[in-house]
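Visitor: Fold the stuff below for me.
(4 chains)
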Protein chains: 2
Amino acid sequence: MLRDEITAAIRRALTQELAAVGYGRLSIEAVARRAGVSKTAIYRRWNSKLDLVLEIVAAAAHGKLPALDTGTLRGDLALLFQAVAHALRHPLASQIIPDLLAEAARNPSIDATLRQVLHARQQEIGGRLVTRAVQRGELPADTDPDAAIDLIVGPLYWRLAIARLPLTDSYLDNLVESVATGLGADSALPRPRAAPISG
Amino acid sequence: MLRDEITAAIRRALTQELAAVGYGRLSIEAVARRAGVSKTAIYRRWNSKLDLVLEIVAAAAHGKLPALDTGTLRGDLALLFQAVAHALRHPLASQIIPDLLAEAARNPSIDATLRQVLHARQQEIGGRLVTRAVQRGELPADTDPDAAIDLIVGPLYWRLAIARLPLTDSYLDNLVESVATGLGADSALPRPRAAPISG
DNA sequence: ACACGTCGGGACGCAACCGTATCGTCGTTG
DNA sequence: CAACGACGATACGGTTGCGTCCCGACGTGT
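Guide: Below you'll find the predicted structure:
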């Protein structure tokens, strides 16, 4: 009997509050104000602040995942980077995700939830990507999937979520090439070198 | 006339509080309790919560920086990774840094301070590392220092601060090699490939 | 022995938020 | 059109924190 429009408004307001003040300062009162809803309406739906956040974070991350099998390592990487960049370009996501990841270090419930919806999925996607590339002969057979994920996700996350520098198409192209060769793929092209200075 | 031991106790307590509850929930009262000090003693030294945090964060990051000129790209990377890993292994640092980086997205004062003490230094160190490698002929002449920094710092930060997975010596060795070749250095060794499956 | 200034303790008024409870209202369902 | 239940508004007591102020107690330097 709970009205869906109000539930949706609460979810929307929570997302915005989370981005605006972070999990640490999050207050139910502010969520209610922002949603144009009474506190009562929130407490009818969730028991507490943590419940609310966990439910909504888990739901938000159950979105679509790309097929991600283009037939080449570089194609897969480019597609994955596009998806990650698209997600982290949303101002809300780029504020909420680092905030919750930091909070996860001290809140086991949040940590568990994020591991389910983010890390597990990353490992699954990254693992498949690596496995296929190994099968194609593009990557060494002894490639460690965990280490590969660090190398794939780390640079883009750093630039978008931490350094907050702009992202251009050519940057992404270069990143694909860097990560691919870093993982152990053959270089696409030889690249020009300066002559060593030592005589 | 302010007693140094008390100032030090406040700094220590602030660090611990920051790690325990994060910047969002940080309270002066809790810092005072933890330091075994009265609120008055804190307010005699700093005007507000933000002042306190900014001063101490800035001071903490003015620590030593490694000489970082080993003569080879891989040597420089290994040394840099050791330094980063050492810093992020401290439980306090590994909780505080992601927390403040997330908070920086919504607090301009924190953002400015972190850019001074972290990003600027990273760019300086990373830029020098890249410049030297280019001069030696180890890296392409058109290497973008900013992109290089993402590739260097991102994976290790991701693993230690976000994924919070363990770090082994062999992992670091592999990471040095991956990053070096990803940046465009020649591979140290050819690595075994599986035969492509397609017949 | 004296004066000075920091010290801890504690109280202040103000504000925000928690989670609960109680209203009368309104819309939906049947 | 009647009953039901979610709705907003409002208030509750309790907790926590802010930043300020005052106090008597050191203890340090002179």
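
Visitor: The residue positioned nearest the centre of chain A: helix or strand, and which one exactly?
Guide: Centroid-nearest residue in chain A, with C-alpha atoms, centre = their mean: A:Val84, separated by 6.0 Å. If you go by DSSP states H and E, A:Val84 is part of helix A:73-89.

Visitor: could you give me the average pLDDT of the helix or strand following that helix?
Guide: Toward the C-terminus, helix A:73-89 is succeeded by helix A:91-104 as the next helix or strand (DSSP H and E). Taken as a whole, helix A:91-104 has an average pLDDT of 94.

Visitor: Run through who's touching helix A:91-104.
Guide: A:15-16, A:18-19, A:22-24, A:57, A:87-88, A:110-111, A:114, A:160-162, A:164, B:22, B:95, B:98-99, B:101-103, B:105-106, B:162 (C-beta atoms under 8 Å, 6 or more residues apart in numbering or on different chains). In this view, the C-beta of every residue, glycine as well, is placed from N, C-alpha and C.

Visitor: Report the distance from it to the chain centre.
Guide: Averaging C-alpha positions (C-alpha atoms, centre = their mean, to the nearest Å) puts helix A:91-104 9 Å from its chain's average.

Visitor: Also compute the angle for that helix relative to helix A:73-89, please.
Guide: Per axes from the mean of the first three to the mean of the last three C-alpha atoms, to 10 degrees, the angle that helix A:91-104 makes with helix A:73-89 is 90 degrees.

Visitor: So which elements touch the helix or strand of chain A with the lowest mean pLDDT?
Guide: Least confident helix or strand, chain A: helix A:49-60 with a mean of 89, by mean pLDDT, DSSP states H and E. With contacts defined as 3 or more C-beta pairs under 8 Å, 6 or more residues apart in numbering or on different chains; DSSP states H and E, helix A:49-60 has these neighbours: helix A:4-25, helix A:28-35, helix A:108-114.

Visitor: is any part of the second one close to DNA strand D?
Guide: No. Applying C-beta under 7 Å from any atom of the strand, one finds that helix A:28-35 is not in contact with DNA strand D, the shortest distance being 7.6 Å.

Visitor: Any part of the very next helix or strand once past that helix near DNA strand D?
Guide: Reading on from helix A:28-35 to the C-terminus, the next helix or strand found by DSSP H and E is helix A:39-45. Yes. Contact of helix A:39-45 with DNA strand D (C-beta under 7 Å from any atom of the strand) involves A:Lys39, A:Thr40, A:Ala41, A:Arg44.

Visitor: Give the buried residues for helix A:39-45.
Guide: A:Ala41, A:Ile42 (16 or more other C-beta atoms under 10 Å in any protein chain shown).

Visitor: Repeat that for stretch A:118-137.
Guide: A:Leu118, A:His119, A:Gln122, A:Ile125, A:Gly126, A:Leu129, A:Val130, A:Arg132, A:Ala133, A:Val134, A:Arg136, A:Gly137.

Visitor: before we move on, back to that, and of the residues of helix A:39-45 next to DNA strand D, the nearest to chain B?
Guide: Relative to chain B, the closest of these is A:Lys39; by C-beta to the nearest C-beta it sits at 20.6 Å.

Visitor: Identify the residues contacting the closest one.
Guide: With the criterion set at C-beta under 8 Å, 6+ apart, A:Lys39 makes contact with A:Ile28, A:Glu29, A:Ala32.

Visitor: pretty sure the last one contacts A:Ala41?
Guide: Put plainly, it is A:Ala32. Yes. Assessed by C-beta atoms under 8 Å, A:Ala32 is found in contact with A:Ala41 at 7.3 Å.

Visitor: which residues do these two both contact?
Guide: A:Ile10.

Visitor: Tell me where chain A is predicted with low confidence.
Guide: Confidence mapping of chain A against pLDDT under 70 gives the ranges A:63-66, A:188-199.

Visitor: residues from it in reach of DNA strand C?
Guide: Within reach of DNA strand C by C-beta under 7 Å from any atom of the strand, chain A has these residues: A:Leu26, A:Ser27, A:Ile28, A:Glu29, A:Ala30, A:Lys39, A:Thr40, A:Tyr43, A:Asn47, A:Ser48, A:Lys49.

Visitor: Of those residues - the most surrounded one?
Guide: The most crowded member of the residues of chain A next to DNA strand C, judged by other C-beta atoms under 10 Å in any protein chain shown, is A:Leu26 (20 neighbours).

Visitor: backbone phi and psi for that residue, please?
Guide: Backbone torsions for A:Leu26, taken as degrees, to the nearest 10, come to phi -60, psi 130.

Visitor: Looks like it contacts A:Leu18 (just checking).
Guide: Yes. When contacts are counted by C-beta under 8 Å, A:Leu26 is listed as touching A:Leu18 (6.1 Å).
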